[in-house]
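**Student:** Fold the following and give me the result.
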Amino acid sequence: MKIATKRAVVASAAILATALTLTACSNGSGNSSTNNASGAANAKIGLLLPDSVTARYESADKPFFEAKVKDLCSGCQVLYANADGDASKQQQQAESMLTQGVKVLVLDPFDGEAAASIVGEAKAKNIPVISYDRLINSPDLNYYISFDNEKVGQLQAQALVDKLKKDNVASGSGILMVNGSPTDNNATLFKKGAHSVIDSSGYKVLAEFDTPGWDPAKAQDWVSGQVSQFKDQIKGVYAANDGTGGGAIAAMKAANVSPLPPVTGQDAELAGIQRILAGDQYMTVYKALQPEAEQAATLAVALTKGQKPSEKTTEVATAGGAKIASILLNPVAVTTDNIESTVVKDNFYGPDSASKICTPDYKADCDKYGIK
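**Tutor:** Numbers count the residues shown, from 1 in each chain. Just a heads-up that it's a prediction; the model follows:
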């Protein structure tokens, strides 16, 4: 499979960031027109993230967002909260931020349906909402910033199918599908993209599971049961992210499955990259989180001034059919072939990312694949 490079992602993000020439005007939902420049220099911006089981939120999204806001608006204050996988808690956090006078909410929902009530409360106060990474099912959103999530699923599934064919795995052989959370709209899109490839591949889905809250332990429990049922019929595992992939791998190792079948992932978590180097996981999907977080921060600062990008955005439909102005970035499939040219080159884990990957347990693997 031809693997795209991260340069295209950064280039498109840079173009979008440059295009955020700010012009005073109302947005599609009419919320931001009431915000003006008064108080924008010291505005409060709310950032609400969904869970703590996914490593990226605390290690990447939050610090990248906060740094960009500070760069664009030194007097602005970011109010931050993590829902810890609890939709009710996220509702309370959002209401608290609205009470504290935020000018904009940047909301990555734990539950894309339940979060519609947050959008409704914000609209009543004329506070614009940016749906971040995961799409909220509300027609009153102002913007959506994420990646092309169907493409994520397609990249995962295509990598898995190509690997099975390269290994001469017979047509008709079985795959397990460990999908994401049923409350996450992105998980629905990942699954849709994956099925668009797998269903016509000649391989069959033995069973699939929507993992509550993206919880790796729940993924592990489910895969344990499938290994007991299907045994060596399992020739590949589609896992929607690195957490669920890690859970699947743990289940198979506990059952002494050898060799492990190829397992997919997403988010390029450090542990996922190390599993890829060790041969336990086949691939992950790298999403350049810094451009995504910085796009959201740039747009949030603009909205505190009652402004919006002059560059035309694309449109994405919510589950209810509402068309939301959106900025979508491109995901990149990562295997041992391009770890060095993606996550290492971009210092995804901070300065000297290679040393964080290549701990003593993985030094030989890093040497083998030229990670330095």
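
**Student:** Show me where the stretch 251-372 of the chain has its strands.
**Tutor:** 284-286, 307-309, 314-317, 323-329, 332-334 (DSSP state E, counting those that start in this stretch).

**Student:** now what about the third one, what contacts it?
**Tutor:** Applying CB atoms under 8 Å, 6 or more residues apart in numbering, the set of residues contacting strand 314-317 from outside is L135, Y144, K323, I324, A325, S326, I327, L328. The C-beta positions use only the backbone N, C-alpha and C, and glycine is treated the same way.

**Student:** Just send those residues back as CSV, with pLDDT, neighbour count and distance to L277 too.
**Tutor:** CSV is the format used below for the contacts of strand 314-317 (pLDDT from 0 to 100; neighbours: other CB atoms under 10 Å; distance: CB to CB, whole Å):
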residue, pLDDT, neighbour count, distance to L277
L135, 96, 26, 33
Y144, 96, 24, 34
K323, 96, 12, 42
I324, 96, 22, 38
A325, 95, 19, 40
S326, 94, 18, 35
I327, 92, 27, 33
L328, 92, 18, 30
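
**Student:** Save those residues as CSV, and put in distance to K89 too.
**Tutor:** Formatted as CSV, the contacts of strand 314-317 follow (distance: CB to CB, whole Å):
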residue, distance to K89
L135, 20
Y144, 23
K323, 30
I324, 25
A325, 28
S326, 27
I327, 28
L328, 28
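
**Student:** From the structure, what's the count of residues near A254?
**Tutor:** 12 (other CB atoms under 10 Å).

**Student:** sorry, back to before: mean pLDDT for the strands of the stretch 251-372 of the chain: which is lowest?
**Tutor:** Among those, strand 307-309 carries the lowest mean pLDDT, at a mean of 78.

**Student:** The one helix or strand Q92 maps to: what's the following helix or strand?
**Tutor:** Using DSSP states H and E, Q92 maps to helix 87-99. As assigned by DSSP H and E, the chain's next helix or strand after helix 87-99 is strand 104-107.

**Student:** For the next helix or strand after that next one, which outside residues touch it?
**Tutor:** Using DSSP H and E, the next helix or strand after strand 104-107 towards the C-terminus is helix 116-124. Outside helix 116-124, the residues that touch it by CB under 8 Å, 6+ apart are 29, 31, 90-91, 94-95, 98, 105, 107, 109, 128-129, 136-138, 140-141.

**Student:** Kindly give a single ChimeraX line that selects the buried subset of those.
**Tutor:** Selecting the buried subset of these in ChimeraX, with 16 or more other CB atoms under 10 Å as the burial test, is done by:
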select :29,31,90,91,94,98,105,107,109,128,129,136,137,138,140,141
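
**Student:** number of nearby residues for the nearest residue to F64 once chain neighbours are set aside?
**Tutor:** Nearest residue to F64, sequence neighbours excluded (CB to CB, 6 or more residues apart in numbering): A293, at 3.6 Å. Close neighbours of A293, defined as other CB under 10 Å, add up to 26.

**Student:** Switch the strands of the stretch 251-372 of the chain over to a markdown table; also include distance to S117.
**Tutor:** Shown next, in a markdown table, are the strands of the stretch 251-372 of the chain (distance: least, CB to CB, whole Å):
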| stretch | distance to S117 |
| --- | --- |
| strand 284-286 | 31 |
| strand 307-309 | 24 |
| strand 314-317 | 20 |
| strand 323-329 | 17 |
| strand 332-334 | 35 |
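
**Student:** about what we covered before: looking at the contacts of strand 314-317, which one is closest to S171?
**Tutor:** Lowest distance from S171 to the contacts of strand 314-317 (CB to CB) belongs to L328, with 33.8 Å.

**Student:** ok, now how distant is the closest one from I45?
**Tutor:** 22 Å (CB to CB, to the nearest Å).

**Student:** Please apply the same query to K151.
**Tutor:** From K151 to I45 the distance is 29 Å (CB to CB).

**Student:** Have a look at those two and say which one is more surrounded.
**Tutor:** Using other CB under 10 Å, the more surrounded residue of K151 and I45 is I45, with 26 against 18.

**Student:** Please confirm that the more buried one is located within a strand.
**Tutor:** Yes - with DSSP: H, G, I helix; E, B strand; the rest coil as the criterion, I45 is part of a strand.

**Student:** hey, which helix or strand in the chain has the poorest pLDDT?
**Tutor:** The helix or strand of the chain with the poorest confidence is strand 22-24; it has a mean of 37 (mean pLDDT, DSSP states H and E).

**Student:** okay, now K356: neighbour count?
**Tutor:** 17.

**Student:** Ok, which of the strands of the stretch 251-372 of the chain comes nearest K368?
**Tutor:** strand 332-334 (16.2 Å).

**Student:** so what strands line up beside the closest one?
**Tutor:** Paired with strand 332-334 in the same sheet, following DSSP bridges, are strand 284-286 (antiparallel).

**Student:** who touches the helix holding Q92?
**Tutor:** 44, 46, 48, 50, 79, 81, 83, 105, 107, 109-111, 114-115, 117-118, 121-122, 125, 127, 183.

**Student:** List only those of those residues flagged as buried.
**Tutor:** 44, 46, 48, 50, 79, 81, 83, 105, 107, 109-111, 114-115, 118, 121-122, 127, 183.

**Student:** need the contact list for Q290.
**Tutor:** A60, F64, D346.

**Student:** how distant is the helix holding Q92 from the center of its chain?
**Tutor:** With CA atoms, centre = their mean, to the nearest Å as the basis, helix 87-99 stands 22 Å off its chain's centre.

**Student:** could I get that helix in PDB with only the CA atoms?
**Tutor:** C-alpha atoms of helix 87-99 as PDB (Å, rounded to 0.1, in the frame of the first residue of the first chain):
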ATOM      1  CA  ALA A  87     -21.200  12.300  29.700                       C
ATOM      2  CA  SER A  88     -22.900  13.700  32.800                       C
ATOM      3  CA  LYS A  89     -19.600  15.000  34.100                       C
ATOM      4  CA  GLN A  90     -18.900  16.700  30.800                       C
ATOM      5  CA  GLN A  91     -22.300  18.300  30.900                       C
ATOM      6  CA  GLN A  92     -21.500  19.700  34.400                       C
ATOM      7  CA  GLN A  93     -18.100  20.900  33.300                       C
ATOM      8  CA  ALA A  94     -19.500  22.700  30.300                       C
ATOM      9  CA  GLU A  95     -22.200  24.400  32.400                       C
ATOM     10  CA  SER A  96     -19.500  25.500  34.900                       C
ATOM     11  CA  MET A  97     -17.500  27.100  32.100                       C
ATOM     12  CA  LEU A  98     -20.600  28.900  30.700                       C
ATOM     13  CA  THR A  99     -21.300  30.200  34.200                       C
END
